[in-house]
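Engineer: attaching a predicted model along with its sequence, questions to come.
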Amino acid sequence: MSRIDDLIAKHCPNGVEFKILGEILHYARPDPYIVKSTQYHKNHSTPVLTAGDTFVLGYTDEVYGIYKACSSHPVIIFDDFTTSFHWVDFSFKVKSSAMKILTPKYNVIFRYVYYAMKCIRYVVASHARQWISIYSAFKIPLPPLEVQQEIVRVLDAFTELEAELEAELEAELEARQKQYAYYRDQLLTFDGVEFKALGELIIALRTGLNPRNNFKLNPLNATEYYVTVRELAGKDVTFSEKTDRVDKKAIAIINNRSKLQIGDILFSGTGTIGRTALIEVQPKNWNIKEGIYAITPNKKIISSKFLLYVLGSAQVVRQLNMRSSGSTVVSIPMTELRLISIPVPPLAEQERIVSILDKFHMLINDLSQGLPAEIAARREQYRYYRDKLLSFKEVC
């Protein structure tokens, strides 16, 4: 901090000039760089970006219409509706036209402008494009280049330290999850109990519906959620900005087939096989795609939670891998899923095991919640120092 103070005292003791962003930055529409297909795959080479929280939506193999950003020619992608933005120094494509691509107009430290934009406090009041009408008119301080460069050096170092801390905390969470998986598999390894085919333990096995000619994804009047493997989070169904939307009519059409009810286990039968969730509240604003199976256990024989845990165990995963098929998209047909061998201890023993695993799950979940809280505290500390560094008196 003292070096920055020295530079300020030397170059701008009486304050600095403030300029509006529109005078500092060019903007361009992203239309030439919009991805044509959303069939993303981790093995493809070009990232598809959104300026929202998710940032990288996936990877495409499209070779045309790629924005060639790099470390010497970076850009800022700016969400024109939410004002979220990201620094990008690699080649990319984009999901939609709802953003601006920002580049510097003249001799400024572009990375400094990025950090200064982070200090703008503005809450979007309406669903309208923001850059031209509002955001580009915000002012930021522009100290001399030497001061800008030193501030960037300090904040880049802070950013790197923050990333290292997040990586350490996430590694701790991963270790605890592996520990949980070990104890779960130990608890679900049985000698002397009866094993039955899944088909003998359930009342029904159903699936959802794909759009085809039945309905459309993400129409303008969409208010409900369309659940795919992305939304299955072990025990819960979770929604994000990636979750597709459908309208109420589509939900009714899908439910005619899926007939979801409390106690059903959701199970992904295509793509990433074996992702699960448990329905504990009757769904009202969401339903499932085809390939997500809804399993209704016979509760006189097996409890929903016990079956949920067993379906995630190593012994079942091995069977799923053996019974799955397909080259481009792997799947396990319902007929094969019904044949999976499941241990069936007495209901009292099932409940005892569920009670233990629920406690383990709660501990992991607490850590999962504690991790974001710890990261949020560090980010708040970082923001405090960043804002202090970027606070200048405006020259008269």
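Structural biologist: Good, I have the coordinates.
Engineer: a helix runs through residue 299, doesn't it?
Structural biologist: No. If the criterion is DSSP: H, G, I helix; E, B strand; the rest coil, then residue 299 is coil and not within a helix.
Engineer: so what's it up against?
Structural biologist: For residue 299, the contact set (CB atoms under 8 Å, 6 or more residues apart in numbering) comprises residue 263. (C-beta placed from N, C-alpha, C; glycine too.)
Engineer: next one: it from residue 261, what distance?
Structural biologist: 12 Å (CB to CB, to the nearest Å).
Engineer: next one: residue 4
Structural biologist: Residue 4 is 62 Å from residue 261, by CB to CB.
Engineer: looking at those two, which one has more neighbours?
Structural biologist: residue 4 (17 against 12; other CB atoms under 10 Å).
Engineer: how close does the more buried one get to residue 110?
Structural biologist: Counting by CB to CB - residue 4 and residue 110 are separated by 19 Å.
Engineer: how about residue 64?
Structural biologist: According to CB to CB, residue 64 and residue 110 sit 27 Å apart.
Engineer: tell me the SS of the residue minimising distance to the centre of the chain?
Structural biologist: For the chain, residue 54 is the residue whose C-alpha lies nearest the centre (CA atoms, centre = their mean; 5.3 Å). Secondary structure, three-state DSSP: residue 54 is coil.
Engineer: who's in contact with it?
Structural biologist: 240, 241, 242.
Engineer: got JSON lines for these, with secondary structure too?
Structural biologist: Shown next, in JSON lines, are the contacts of residue 54 (three-state DSSP):
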{"residue": "240", "secondary structure": "coil"}
{"residue": "241", "secondary structure": "coil"}
{"residue": "242", "secondary structure": "coil"}
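Engineer: name the member of those residues with the most neighbours.
Structural biologist: That'd be residue 242 among those, by other CB under 10 Å, with 14 neighbours.
Engineer: contacts only, for that one.
Structural biologist: 54, 57, 230.
Engineer: how many neighbours does residue 316 have?
Structural biologist: Residue 316, neighbours per other CB under 10 Å, totals 21.
Engineer: tell me where the model's unsure across this structure.
Structural biologist: Residue ranges of the chain with pLDDT under 70: 1-2, 365-372, 396.
Engineer: what ranges does it have for its helices?
Structural biologist: 2-11, 21-24, 110-118, 145-187, 198-201, 248-258, 304-311, 314-323, 334-337, 347-389 (DSSP state H).
Engineer: in CSV: the ones you listed, plus distance to residue 218.
Structural biologist: Converted to CSV, these look like this (distance: least, CB to CB, whole Å):
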stretch, distance to residue 218
helix 2-11, 47
helix 21-24, 31
helix 110-118, 30
helix 145-187, 31
helix 198-201, 34
helix 248-258, 11
helix 304-311, 30
helix 314-323, 31
helix 334-337, 28
helix 347-389, 28
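Engineer: which residues does the nearest residue to residue 103 once chain neighbours are set aside contact?
Structural biologist: Sequence neighbours aside, residue 26 is the residue nearest to residue 103 in space, at 4.9 Å (criterion: CB to CB, 6 or more residues apart in numbering). Residues near residue 26 by CB under 8 Å, 6+ apart: 102, 103, 104, 105.
Engineer: same check, this time on residue 67
Structural biologist: 30, 33, 75, 91, 92, 93, 94, 101.
Engineer: can you select the buried ones among these for me in PyMOL?
Structural biologist: Buried residues within these, by 16 or more other CB atoms under 10 Å, are selected in PyMOL with:
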select buried, resi 30+33+75+92+93+94+101
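Engineer: out of the contacts of residue 67, who's nearest residue 144?
Structural biologist: Nearest to residue 144 among the contacts of residue 67: residue 75, at 24.3 Å, using CB to CB.
Engineer: which parts of the chain belong to which domain?
Structural biologist: 1-16+143-193+359-396, 17-141, 195-344 (automatic domain parsing).
Engineer: re the thing from before, among the contacts of residue 26, which two are most distant?
Structural biologist: It's 102 and 105 that sit farthest apart of these, by CB to CB, at 10.0 Å.
Engineer: neighbour count: the two, which is higher?
Structural biologist: In terms of neighbours (other CB under 10 Å), residue 102 is the more surrounded of residue 102 and residue 105; the figures are 25 against 11.
Engineer: my read is that the more buried one contacts residue 74, right?
Structural biologist: No. When contacts are counted by CB atoms under 8 Å, residue 102 is not listed as touching residue 74 (9.9 Å).
Engineer: who are the contact partners of the nearest residue to residue 238 once chain neighbours are set aside?
Structural biologist: Excluding the flanking residues, the one nearest residue 238 by CB to CB, 6+ apart is residue 231, at 5.7 Å. Listed by CB under 8 Å, 6+ apart, the contact partners of residue 231 are 225, 237, 238, 239, 240, 243, 277.
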